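Trainee: Requesting a structural model of the entry that follows:
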Amino acid sequence: MEEYLHNYFLGIMTDSEKERLFKELEKDAALKEEFAALQNSMALSGLMEEEGDKRMAAVKLKELKRMAAKRRVLRLSWKMVKYAAMILLVVGTWLLSKEYNLDIYSREYTWVQAPKGQRVYVTLADGTTVWLNPCTRLKVPNVFDARQRIVELEGEGFFKVMKNAEAPFIVKTDKYDIRVLGTEFNVFAYPDRDDFETELVTGSVYICDREENGQGIYLKPDEKAIVLNGRLHKLSSEYKQRQLQTNGIYTFGDQPFGELLKRLELWYEVKFIVKNPEILKQVYNGKFRQNDSIESILQAIKDVGKFQYRILSDKEIEIF
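Mentor: The predicted structure is shown next:
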C-alpha cells in the first residue's frame with residue numbers, strides 16, 4: 001500500500017483507489033496509524049502540496065516518512081536515557097515531546113482549539129478550511145470516512161468546504177447537524193448558550209434538529225437560520241464578517257448592545273454585570289480589530305452611547 005499512500009497525498013488517486021485505501025485503513029491498524037501520522041504532519045507543517053507542484057510534494061512526502069521513522073527510533077531511545085544525568089535529561093525531555101506527538105497521531109480524533117482572544121485557521125485533509133473564533137473547539141477525525149466527512153464544533157467557525165458529492169460534509173453542534181456538499185458558511189453554536197445561528201455565503205446547506213426526528217430547513221445564499229423559542233427560523237441575511245476571516249476585523253451593524261456584550265464575553269472571557277437592563281436595547285454600528293483591548297472597545301462605544309463602565313477585575317466589568 002506504499003504507492004497508494006504516496007498517490008493519496010499527491011492527490012492523484014482515482015475514486016476506486018481511494019475506496020480500496022480506506023478499506024485497508026479500517027483493517028490494518030498499523031497502516032492507519034502511519035496514514036494519520038503523515039496526514040497530521042503535513043497539515044500541521046503546512047506542507048500540503050500546491051497546485052502544479054507535484055515533484056516538490058513528492059520530495060516533502062519522502063522527507064515526512066523519513067521523519068516518522070526517526071520518531072519511532074527516538075521513542076525507543078527514551079527508555080534508555082530517562083534515568084541519565086542532567087545533560088541527558090534535556091535530551092530526554094525533547095524525546096518525550098516527540099512521543100507525545102506520536103500518541104496524538106494514534107488517536108482516532110484530534111481536537112483543535114482556539115483560546116480566548118485568538119483565532120485559528122485550519123486546513124483539513126480534504127482541503128476544507130476553517131476559521132475558528134476565540135473559545136472554540138473543533139473535533140476532526142484523523143481519517144475521513146469515504147461516505148461522509150463529519151466534524152464537531154463547539155463555538156464559532158467559518159467553513160469553506162471542499163466539494164465532494166460522494167462524501168457530504170457534516171458539522172455537528174450540541175443540538176443541530178449542518179449538512180453541505182461544497183459551500184461557505186458561518187456557524188455560531190457555543191454549547192453553554194441557548195442561541196444558535198448559521199449564515200450562508202455561497203452554496204446551500206441543510207440544518208436539522210436531532211431532537212425533532214431530523215426535521216430542518218434549507219438555506220440559500222444570503223439567508224441565515226436562528227433559534228427562536230426553541231425552534232429553527234429562516235431569515236434574510238448579508239454576511240458581514242468577510243473582513244473578520246481575512247483581517248481580524250469584526251463588523252457589527254444595528255446590533256443591540258446586549259448581543260454585542262455577549263460576543264465580547266466570549267472573545268475576551270470576561271463577565272459583564274449590567275445594572276440597567278434598558279442599556280442592552282441600545283443599537284450600535286461599528287467595527288473593531290481582533291487584537292483591540294476590551295477597554296478600548298468599550299471606550300469607543302461609550303463615546304457614542306449612553307452608558308458608563310467600570311473594570312472590577314480582569315474577569316468582571318460593570319456596565320451602568
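Trainee: tell me how far the ends of stretch 200-219 are from each other?
Mentor: One end of stretch 200-219 sits 7 Å from the other (CA to CA, to the nearest Å).
Trainee: What are the buried residues along that stretch?
Mentor: Neighbour counts over stretch 200-219 (16 or more other CB atoms under 10 Å) mark L200, V201, G203, S204, V205, Y206, I207, C208, D209, G216, I217, L219 as buried. All C-beta spots, glycine's among them, are computed from the backbone N, C-alpha and C.
Trainee: where does the stretch 201-320 of the chain have low pLDDT?
Mentor: 240, 242-246 (pLDDT under 70).
Trainee: same thing but 50
Mentor: For the stretch 201-320 of the chain, no stretch has pLDDT under 50.
Trainee: Would you map the helices across it?
Mentor: Listed in chain order, the helices of the stretch 201-320 of the chain (DSSP state H, counting those that start in this stretch) span residues 242-247, 257-268, 294-302.
Trainee: same thing with the stretch 51-200 of the chain?
Mentor: Going by DSSP H, counting those that start in this stretch, the stretch 51-200 of the chain shows helices at 54-81, 86-106.
Trainee: which two from the buried residues of stretch 200-219 end up farthest apart in space?
Mentor: Spanning the widest gap among the buried residues of stretch 200-219 are V201 and D209, at 22.5 Å by CB to CB.
Trainee: what does the model give the residue lying closest to F185 once chain neighbours are set aside for pLDDT?
Mentor: Leaving aside its sequence neighbours, F185 sits nearest to L200 (CB to CB, 6 or more residues apart in numbering; 4.8 Å). Looking at L200, its pLDDT is 92.
Trainee: which secondary structure elements does the longest strand belonging to the chain contact?
Mentor: Longest strand of the chain, by residue count under DSSP state E: strand 149-160. Where contact means 3 or more CB pairs under 8 Å, 6 or more residues apart in numbering; DSSP states H and E, strand 149-160 is packed against strand 129-132, strand 136-141, strand 169-172, strand 184-189.
Trainee: Pick the most deeply packed of those.
Mentor: Comparing these by mean neighbour count (mean count of other CB atoms under 10 Å), strand 184-189 ranks first with a mean of 22.
Trainee: Sheet partners, orientation included, of that one?
Mentor: Its sheet considered, strand 184-189 pairs with strand 149-160 (antiparallel), strand 197-202 (antiparallel) by DSSP bridges.
Trainee: got the contact list for the last one?
Mentor: Strand 197-202 has contacts (CB atoms under 8 Å, 6 or more residues apart in numbering) with 176, 178, 183-189, 205, 207, 219-227, 237, 239.
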